[in-house]
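Student: let's see this in three dimensions:
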Amino acid sequence: MPSLPPQPGGPGAPGPSLPPAPQGSAAPDPTEPPRRTAWAEGVDRLRAAATTEPGRLRIIGAVLALLVVAFGAVTAWQTTERASTADDVLHSSQPLSSDAADIYRSLADANTAASSGFLAGGGESAATRDRYEKDIRTAAVKLVNAAANSDPDSPSAATIAKLNRMLPEYKGLVERARTYNRQGFPVGGAYLRYANEKMQTDMLPAAEDLYTKENQRLRADYDDATPYPWAAIALGVLVLAALAWAQHRNYQRTNRVLNHGLVAATATATVVLLWLVVGHSVARAGLNDSYDHGVRSLNVLNDARIASLKARGNENLTLVARGAETVTDADGKALDKYDVTFQTDMKTLAKGLSVAAKLADDDTGEQPVTAAVGNMEEWQKRHTSARAEDDNGNYQQALDKVIGAKGATGECFDSVDANLAKALTHEQTEFKRSAGDGLDAMTGLSVGAAALAVIGAAGAVLGIGRRLSEYR
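Tutor: Numbers count the residues shown, from 1 in each chain. Got it, this is the predicted structure:
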């Protein structure tokens, strides 16, 4: 029987053919260590270069240039932040704090003018009416300005919205009181007392809260603007130490006293460091002076002016209420509520004027405060006389001593208010001058530091490059 050819895959069949190995390739040697990473090889090359003088010089030059540039960058960054915050103090937070004080003052003065007009009845003067309307307009304008400069979700924004809502409500109550008063209806007094209560318990506390928040914002800006830039100063000292070490090393190896490039880098770093320390010290002194002799005096004077306005309003309401509202003292004696509050306000005014006189640092600032003290003392005497007339049943005589044309307490109040306004204008000028001087001391520092840092870094590189050229 003829034999059959071997079947594929059967016994005796040849195995599958393998592709030929590529020419020039060899199987990896298991005993050869794996190739190192590029980073490790770079470190080795750097280490090898550092063992030679040219390699060390290159590293020194790179480190010096990096330190000088970092010094300039940190200086520019920190001085820019402080200059920006100082600018906020001068042009944003302090004006807003002043606006908040004006809102409080305008509301309190409007309340005072409303009560004075009510007491005059049909004889209300055009000046009193115009004063009331001007105060309402001022409060409305200042609220709009405050709203435009506050964050939408901030507590100040909520307070401003509350005051904007209550202002027309208060004005409506005052207009009703006037209308009924002109018609001779006693209910007019009730409306005026209700308007006063709304002002005293809702609007003025809200305005005071806004004033407090804006003052806190101002204080925070001062805290951000005045600290020394310690990071930049420390880096500057480190740069000078590194440059001194590099020049000393260069002298030891070459016996050459000066390297022009390193000297230039040292000079620029020294200029930047001195400019930074001196400039910021002057700016800090100006800002601190603007706070101690500007903001503090302004706060005290604003508080005193508000106390005088509240006192005048309560003095008027004493005659409007005619004893309808009383409080009991420790001995159980009934006292007129508004007269008790008046006495409290006058004590606050006296304390504020005493502090303002101590804070005044020149005759121009002290003179109106001293005058206001004299006006306040005369006011107290005339008020005591008016209260004696009212207690004796002489209402018209008491009224004449409060809102009369001559010799009335209103004259004293107007003089106190005018002198405090004069003192506030002076202290506002002092604040602007000192804060402006502080801001000017940092003008150009950030740009100058950056430019000098680039020059210093270039000098360091060129100085080291001069040494490297000796090895070629």
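Student: give me the buried positions along stretch 185-201.
Tutor: 188, 189, 190, 191, 192, 193, 195, 196, 198, 199, 200 (16 or more other Cβ atoms under 10 Å). Glycine gets a C-beta too; all of them are placed from N, C-alpha and C.
Student: out of those residues, who's nearest residue 373?
Tutor: Proximity of these to residue 373 was ranked by Cβ to Cβ; the top entry is residue 200 with 26.0 Å.
Student: what stretches of the stretch 251-400 of the chain score poorly on pLDDT?
Tutor: For the stretch 251-400 of the chain, the stretches with pLDDT under 70 are 255-257, 323-324, 326, 329-332, 334.
Student: so which residues of it form strands?
Tutor: Taking DSSP state E, counting those that start in this stretch to define them, one finds strands in the stretch 251-400 of the chain at 326-328, 334-336.
Student: surely residue 361 touches residue 294?
Tutor: No - look at residue 361 against residue 294 with Cβ atoms under 8 Å: they stay out of range, at 10.1 Å.
Student: number of residues surrounding residue 279?
Tutor: By the criterion of other Cβ atoms under 10 Å, residue 279 has 20 neighbours.
Student: who has more neighbours, residue 361 and residue 294?
Tutor: residue 294 (22 against 14).
Student: gap between the more buried one and residue 134?
Tutor: 27 Å (Cβ to Cβ, to the nearest Å).
Student: what's the pLDDT at the closest residue to residue 275 other than its chain neighbours?
Tutor: Distances taken as Cβ to Cβ, 6 or more residues apart in numbering place residue 445 nearest to residue 275, at 6.2 Å, with adjacent residues excluded. Per-residue pLDDT puts residue 445 at 90.
Student: quick one: the residue nearest to residue 431 when sequence neighbours are not counted from residue 163, how far?
Tutor: Distances taken as Cβ to Cβ, 6+ apart put residue 294 closest to residue 431, at 2.9 Å, once the chain neighbours are dropped. Computed as Cβ to Cβ, the residue 294 to residue 163 distance reads 26 Å.
Student: burial of residue 364, as a residue count?
Tutor: When neighbours are counted by other Cβ under 10 Å, residue 364 registers 14.
Student: for the one 4 residues further on, same thing?
Tutor: Per other Cβ under 10 Å, the neighbour tally for residue 368 reads 22.
Student: going forward, the N-terminal residue is numbered 11.
Tutor: Renumbered: residue one is now 11, and that last one reads residue 378.
Student: ok, it - contacts?
Tutor: 429, 430, 432, 433, 436 (Cβ atoms under 8 Å, 6 or more residues apart in numbering).
Student: in the stretch 261-410 of the chain, which spans are helices?
Tutor: 270-300, 306-331, 347-369, 373-401, 405-413 (DSSP state H, counting those that start in this stretch).
Student: let me redo that: the stretch 111-260 of the chain
Tutor: With helices called from DSSP H, counting those that start in this stretch, the stretch 111-260 of the chain shows them at 136-158, 165-192, 197-208, 214-235, 240-264.
Student: count the neighbours of residue 167 for me.
Tutor: Applying other Cβ under 10 Å, I find that residue 167 has 15 neighbouring residues.
Student: ok, back up a step: what about the residue nearest to residue 441, distance to residue 218?
Tutor: Taking Cβ to Cβ, one finds residue 304 at 21 Å from residue 218.
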